[in-house]
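Trainee: this is a predicted model, with the sequence first.
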Amino acid sequence: MNSKIRKAGTVYLVGAGPGHPGLITRMGYDLLQRCDAVAYDALIPLELVSSLPERVERHYVGRRAGRHSMPQSEKNRLLVDLALRGLNVVRLKGGDTAFFGGTAEEAECLAAAGVRVVVVPGVTAASAVAAASGLPLTDRRGASWVFFATGHGSSAEPTPVPWQEISGLRGGTIVIYMGLANLEEIVKQMLAGGCAAGTPCMIVQGASTGAQRIETSTLIDIVEDCRRKQLKPPALVVVGQVVQHRAYACKPPMPLAGKRILVTCCPQETEAVCAVLRDRGAEPLPYPTYLFEECDDAEGWTRFSSIASSGGWCAFSSAPEVDAFTRALMHHGFDLRSLGKFIIAALGPGVEGELLRIGIRADVAFPFLPQKLALRDLHRGGDSTPANLILISEGMQIDRSEWAEVIELKLRCAKPAAWEPHWTQEVLDNPPDIILFRNPAAVAGFVEILEQETAYSLVVRSNVVVTDEVTAASARRCNLPFVVDTEFLQSLSGGPNCVA
Ligand code: SAH
């Protein structure tokens, strides 16, 4: 179509929330699933982007390791160009669009180019900080106003906020975004403005993420405390008497607290795997290493048809395979009634939920795969009479002698995913604590994307954990040093929550 008559797309300026993927609004999430292109900042939860289908164009416009982010004029131009190509674009920004995010500049520029703009709000960092610490930002007992300020200015005016004037006001809360770099100067001006040296302060780093840290201090000590405790951006500083009203001290200890874990699964699985890790306190770094394409396993389905009437066990190990299974089931002339005689096992992140979505209640559910699938684990020591097993999984290790017949239905084929260049740079600059591999496709994709030498240099600076023997064999073939960290894996699998 002639580009002159092609209808321009809409640009949605969407607040992605402060870091946890659950803190984007329903509206923002739905737009993201439907968009043609996404332009995203550094502080957004990566699984929101890495889980998108391949057809969605991705543009990273945030800060790159050791460098500044793309200049605002370039970001504006990119958004206009994408929209004029007829694409519907989600411009994903950290937190809320209304707070220190360059929203007005982008919206003005798009409107001037005749592009429709829709702004979708999000949860700002201050709200996440309040929730994380149990701290109200206002309180009837003496905090009747909130002042949101940036600690960051231009080189000509490093801190454009009238700190001295504000410090003379009483009865409110001051919330400082981007405050760490100029904190010393800000505190100096606040003290000069009459703010008491003992005014309570709180610093929250990475609110709502696995990197979350909460520290309290006083105005006079805060600079030294931040330095000593090595607090890093993104962090918010809260100053005011309200800090004394923190409702609770900290979250209960979590088994994976503070661990940065590289998640190497396919995009469709990213959100579910990251959710399990986040629930246990970790900070997942989703970097898909392979893509799944559906394929037809004609021989497998013939075997399925030969045992469908006698039943047995049917085990699913990944959420996307549930979807592919139902499609293939129908394609081969069956429907869900064909599973009537099977006991259903959900053996992976998000699988139980995905089965429920299609109307199947799993009889056994593990949030993560057991290292080796054994009939006695599924039965929890009960009846372990050999039965048929339909395995909807890639490469799960099983003791075949325990089963009458094992049919591994191959529903998808893997091909290496393409990494965004800044993802690669980020992991190389700042290696994760753990690189988690759940199947051979992830190992192969990882080595292919990074190339053997770089892959090796990264894994020796991290801990590679494989979930099972089949994946271990694949790591061995690729010369990647790995461990089977049973304590870590135990903390993921948690054990069955329901037994037939
Ligand atoms: N639009 C964003 C703010 C962008 S400015 C919002 O509404 O939250 C970026 C600054 O926000 C960071 O330097 C930090 O001060 C703050 N910030 C963002 N995410 C944060 C988080 N998870 N925890 C603490 N502070 C955060």
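Mentor: That came in fine, so what should we check first? Because the structure is predicted, anything quoted here is derived from the model rather than measured. Numbering: from 1, shown residues only.

Trainee: low-confidence stretches in the stretch 401-500 of the chain?
Mentor: Applying pLDDT under 70 to the stretch 401-500 of the chain flags residues 494-500.

Trainee: point out where this protein drops to low pLDDT.
Mentor: 1-6, 64-67, 155, 247-252, 369-377, 379-384, 394-396, 494-500.

Trainee: can you name the residue of it nearest the ligand?
Mentor: Gly95 (1.9 Å; C-beta to the nearest ligand atom). For the C-beta atoms, the positions are set from N, CA and C on the backbone; glycine is no exception.

Trainee: what count of nearby residues applies to that residue?
Mentor: 29 (other C-beta atoms under 10 Å).

Trainee: just Glu74 next, same as before
Mentor: Glu74, neighbours per other C-beta under 10 Å, totals 11.

Trainee: next one: Glu184
Mentor: 14.

Trainee: do the same with Leu87
Mentor: Leu87 - counted by other C-beta under 10 Å - has 18 other residues nearby.

Trainee: how about the residues of this structure near the ligand?
Mentor: 18-19, 43, 93-96, 99-101, 124-125, 128-129, 177-178, 204, 206-209, 233-236 (C-beta under 6 Å from any ligand atom).

Trainee: and the buried ones among those, selectable in PyMOL?
Mentor: Of the residues of the chain next to the ligand, the buried ones go into a single PyMOL selection, burial set by 16 or more other C-beta atoms under 10 Å:
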select buried, resi 18+19+43+93+94+95+96+99+100+101+124+125+128+129+177+178+204+206+207+208+209+233+234+235+236
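
Trainee: what are the ranges of the strands in the stretch 251-400 of the chain?
Mentor: 260-263, 283-286, 290-294, 312-316, 342-347, 364-366, 388-392 (DSSP state E, counting those that start in this stretch).

Trainee: please name every helix or strand in contact with the first one.
Mentor: When you say that, I think you mean strand 260-263. Other helices and strands packing on strand 260-263, by 3 or more C-beta pairs under 8 Å, 6 or more residues apart in numbering; DSSP states H and E, are helix 267-279, strand 283-286, strand 434-437.

Trainee: from start to finish, how long is stretch 171-190 in a straight line?
Mentor: Its start and end residues considered, stretch 171-190 measures 15 Å (C-alpha to C-alpha, to the nearest Å).

Trainee: kindly apply the preceding question to stretch 405-420 instead.
Mentor: Using C-alpha to C-alpha, the two ends of stretch 405-420 sit 43 Å apart.

Trainee: ok now it, how far from the chain's centre?
Mentor: Centre-to-centre, stretch 405-420 and its host chain are 22 Å apart (C-alpha atoms, centre = their mean, to the nearest Å).

Trainee: and Gly19, what does it touch?
Mentor: 43-45, 94, 128, 206-209, 234 (C-beta atoms under 8 Å, 6 or more residues apart in numbering).

Trainee: rewinding a little: mind putting the strands of the stretch 251-400 of the chain in JSON lines, mean neighbour count included?
Mentor: Output for the strands of the stretch 251-400 of the chain, formatted as JSON lines (neighbours: other C-beta atoms under 10 Å):
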{"stretch": "strand 260-263", "mean neighbour count": "25"}
{"stretch": "strand 283-286", "mean neighbour count": "25"}
{"stretch": "strand 290-294", "mean neighbour count": "19"}
{"stretch": "strand 312-316", "mean neighbour count": "23"}
{"stretch": "strand 342-347", "mean neighbour count": "24"}
{"stretch": "strand 364-366", "mean neighbour count": "23"}
{"stretch": "strand 388-392", "mean neighbour count": "24"}
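
Trainee: for Val484, which of those is the nearest?
Mentor: strand 260-263 (15.5 Å; C-beta to C-beta).

Trainee: contacts for the closest one next, please.
Mentor: By C-beta under 8 Å, 6+ apart, strand 260-263 touches 210-211, 270, 273-274, 277, 282-287, 427, 430, 432-436, 462.

Trainee: what's the answer for stretch 126-140, then?
Mentor: 17-20, 23, 95, 99, 143-146, 148, 173, 175, 177, 202, 204, 207-208, 212, 214, 236, 238, 242-243, 245-248.

Trainee: how about 7 Å then?
Mentor: 18, 23, 144, 146, 148, 173, 175, 202, 204, 207-208, 212, 214, 236, 238, 242-243, 245-248 (C-beta atoms under 7 Å, 6 or more residues apart in numbering).

Trainee: of those, grab the buried ones for ChimeraX.
Mentor: Only the buried entries of these go into this ChimeraX selection, using 16+ other C-beta under 10 Å:
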select :18,23,146,148,173,175,202,204,207,208,212,214,236,238,242,243,245,246
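
Trainee: helices along the stretch 201-350 of the chain, start to end?
Mentor: 222-228, 267-279, 298-307, 319-331 (DSSP state H, counting those that start in this stretch).

Trainee: fine, thanks again, bye for now.
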